[in-house]
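Engineer: quick one: sequence plus predicted model below, questions after.
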Amino acid sequence: MTKYTRADILDTAKKYVTKQRENEHGEMEANFKMISDLWGTYLGHHIDTSDVAVMMTLLKIARIKSNPSSGDNWIDSCGYMACGGELSANKPESDTPVVKFQGGNL
């Protein structure tokens, strides 16, 4: 693994989510919407765009578990969380589904 500082990781993630990835994959919100629609159809229930960011972050966390020295997974996980934060912050509160957990505290 290349030696990264936390600033390097965040700066690289910022570059990826604001420039490089959009050039490769299109506008972030539209891309996450397409993914959420496809996943929702496949699973048979609603998947929010912010859920896509969380699930992709969990994918990167699983890869970190397998290979913690891969800098790409650390960088990408920061990028996915930043995208999810933006999507959630820009969503009207009425669009936020209420999730009730049963059987204890988290």
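Structural biologist: In hand now; what should we look at? Numbers count the residues shown, from 1 in each chain.

Engineer: mean confidence score for the host helix or strand of Ile61?
Structural biologist: Ile61 is part of helix 49-66, with elements assigned from DSSP states H and E. Mean pLDDT, helix 49-66: 96.

Engineer: on contacts alone, who are the packing partners of that helix?
Structural biologist: helix 28-43, helix 71-89 (3 or more CB pairs under 8 Å, 6 or more residues apart in numbering; DSSP states H and E). C-beta coordinates here come from the backbone N, C-alpha and C atoms, glycine included.

Engineer: tell me the angle of the longest one relative to helix 49-66?
Structural biologist: I take that to be helix 71-89. 160 degrees (axes from the mean of the first three to the mean of the last three CA atoms, to 10 degrees).

Engineer: about what we covered before: closest to Tyr4 out of the helices and strands packed on helix 49-66?
Structural biologist: Tyr4 lies closest, by CB to CB, to one member of the helices and strands packed on helix 49-66: helix 71-89, at 5.3 Å.

Engineer: so which elements touch that closest one?
Structural biologist: helix 6-15, helix 28-43, helix 49-66.

Engineer: follow-up on the earlier one: reformat the helices and strands packed on helix 49-66 as CSV; add mean neighbour count, distance to Ala13 and mean pLDDT.
Structural biologist: CSV is the format used below for the helices and strands packed on helix 49-66 (neighbours: other CB atoms under 10 Å; distance: least, CB to CB, whole Å; pLDDT from 0 to 100):
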stretch, mean neighbour count, distance to Ala13, mean pLDDT
helix 28-43, 15, 13, 95
helix 71-89, 19, 4, 92
